[in-house]
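>>> quick one, fold the following:
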Amino acid sequence: MYIHRLFIFTLLTSMVVHQAQAAYWDAQSGSLMGLVHLSVGEAFFSNHHLSAGLGYVPKLDNHPEMSLLSLRYRYQHPYRFQLKKQFFLSPLNLGLSVLVGSHKELFVQLPQQYPDDYYAPTAVRMVLNYQSILHLSQKTQLYFDISILDVGLISYVREPNFFRDNYRYLGLAGITSWGLGLRRRF
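Presented below is the predicted three-dimensional model:
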């Protein structure tokens, strides 16, 4: 059943992006988006970006294989500075993503074995992120992405001393994840 939903989501996303004449594709690894995450997106109002994508997390000792769907918003601040003749750096980019994971231990609807409202859905997560973008050309960008999962931020706010005592950088190393990506404009 999940494969059918994934196929329908991908088909609808590609039709919407085709109608919008997608502005870019994006390939990322890490930063809570999986080992590999591919997405397509569009810029609107010049500094706002919206993308949809699919990610993959391989099976490891501590978790099963997982597929991911994402809908991402990013605000790219217009400030940038020149590094070399053709390279520019955009250091101020903030985003918010909705991430949906799929494997047998995650759920969107509460399983029948639990009373109503016992747990919130575990398959749907919000991700806050920061990106620093290196513009290699007019069409090609490399970026460094730092992300924080919603439950990580909640835990940090509730138990700041635990994180500060057990992790580096004021405890932020315990709730952040980083990754690298490549973005190419059409």
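
>>> contacts and neighbour counts: CA atoms only from here.
OK.

>>> could you pull up phi and psi at Asp116?
Dihedral angles of Asp116 (phi, psi; degrees, to the nearest 10) stand at phi -50, psi 140.

>>> tell me how far it lies from Phe45.
From Asp116 across to Phe45, the span is 42 Å (CA to CA, to the nearest Å).

>>> more crowded one of these two?
Asp116 (10 against 6; other CA atoms under 10 Å).

>>> ok, now how distant is that one from Leu110?
On the measure of CA to CA, Asp116 and Leu110 end up 7 Å apart.

>>> before we move on, what about Lys59?
24 Å.

>>> which one of these two is surrounded by more residues?
Legend: neighbour count by other CA under 10 Å for Lys59 and Leu110, higher for Leu110 (16 against 10).

>>> helix/strand/coil for that one?
At Leu110 the chain is in coil, as set by DSSP: H, G, I helix; E, B strand; the rest coil.

>>> and it, what does it touch?
116-117, 119-121 (CA atoms under 8 Å, 6 or more residues apart in numbering).

>>> again with Ile146
Counted by CA under 8 Å, 6+ apart, Ile146 has contacts 31, 129-131, 176-179.

>>> and the lengthiest strand in the chain, what does it pack against?
The strand that spans the most residues within the chain, counting by DSSP state E, is strand 88-102. Strand 88-102 is packed against strand 66-76, strand 81-82, strand 124-135, with contacts defined by 3 or more CA pairs under 8 Å, 6 or more residues apart in numbering; DSSP states H and E.

>>> what residues of stretch 45-55 count as buried?
Buried residues in stretch 45-55, counted by 16 or more other CA atoms under 10 Å: 49-55.

>>> who's in contact with it?
13, 33-44, 67-78.

>>> quick one: which of the buried residues of stretch 45-55 is nearest Gln138?
His49 (16.4 Å; CA to CA).

>>> in what helix or strand does that closest one lie?
In the assignment (DSSP states H and E), His49 maps to strand 48-57.

>>> gap between that strand and the chain center?
In terms of CA atoms, centre = their mean, to the nearest Å, the centre of strand 48-57 is set 7 Å apart from its chain centre.

>>> so for that strand, what's the average pLDDT?
Strand 48-57 shows a mean pLDDT of 93.

>>> let's have the helices and strands packed on strand 88-102 in TSV, adding distance to Ser90.
Listed next are those as TSV, based on distance: least, CA to CA, whole Å:
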stretch	distance to Ser90
strand 66-76	8
strand 81-82	7
strand 124-135	5
